[in-house]
Each structure stands twice: as C-alpha cells, then as structure tokens.
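Enquirer: What would the 3D arrangement of this be:
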Amino acid sequence: MLYKIRPCLLDDLQQVLDLSQQWANENITIGYENVHHTLEKLANFINEVFRYAE
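Expert: As a prediction, this is how the structure comes out:
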C-alpha cells in the first residue's frame, strides 16, 4: 500500500483529532499527552513540517 504524504490542511484536523482520541482510548501510546487538543489548538501547529499521510 502506498501512502501520499503531504502538508496538513485545516480540513484534515478533525481526522487528526479523531485518531489522537482513538490512541488515547486504546492506551496504545504510552505517555501520549495530546488528547486535549482542539481544532483551534491544532490549527496553530500547521506549518511546513506538519504532515498528513493518506
């Protein structure tokens, strides 16, 4: 399976939040602390190094 890696867009942030919450709920990422992000907080992190894989 090939993935496309591209800059993260505002439209991607809900999926990023959903995945973060899933990780927290599954307790699969020890020490993961980003479960309290909001769309507004994540939007502040969008820059040239915030990537999205589809």
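Enquirer: Just the helices from the protein, written as ranges.
Expert: If you assign secondary structure with DSSP state H, the helices in the chain sit at 13-26, 39-43.
Enquirer: Mind checking those helices for the one nearest to R6?
Expert: helix 13-26 (13.2 Å; Cβ to Cβ). All C-beta atoms are positioned from the backbone trio N, CA, C, and that covers glycine.
Enquirer: how about that closest one: buried residues?
Expert: 13, 16-17, 20 (16 or more other Cβ atoms under 10 Å).
Enquirer: will you turn these into CSV that also has pLDDT and distance to Y3?
Expert: Converted to CSV, the buried residues of helix 13-26 look like this (pLDDT from 0 to 100; distance: Cβ to Cβ, whole Å):
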residue, pLDDT, distance to Y3
L13, 93, 18
V16, 89, 15
L17, 88, 20
S20, 82, 18
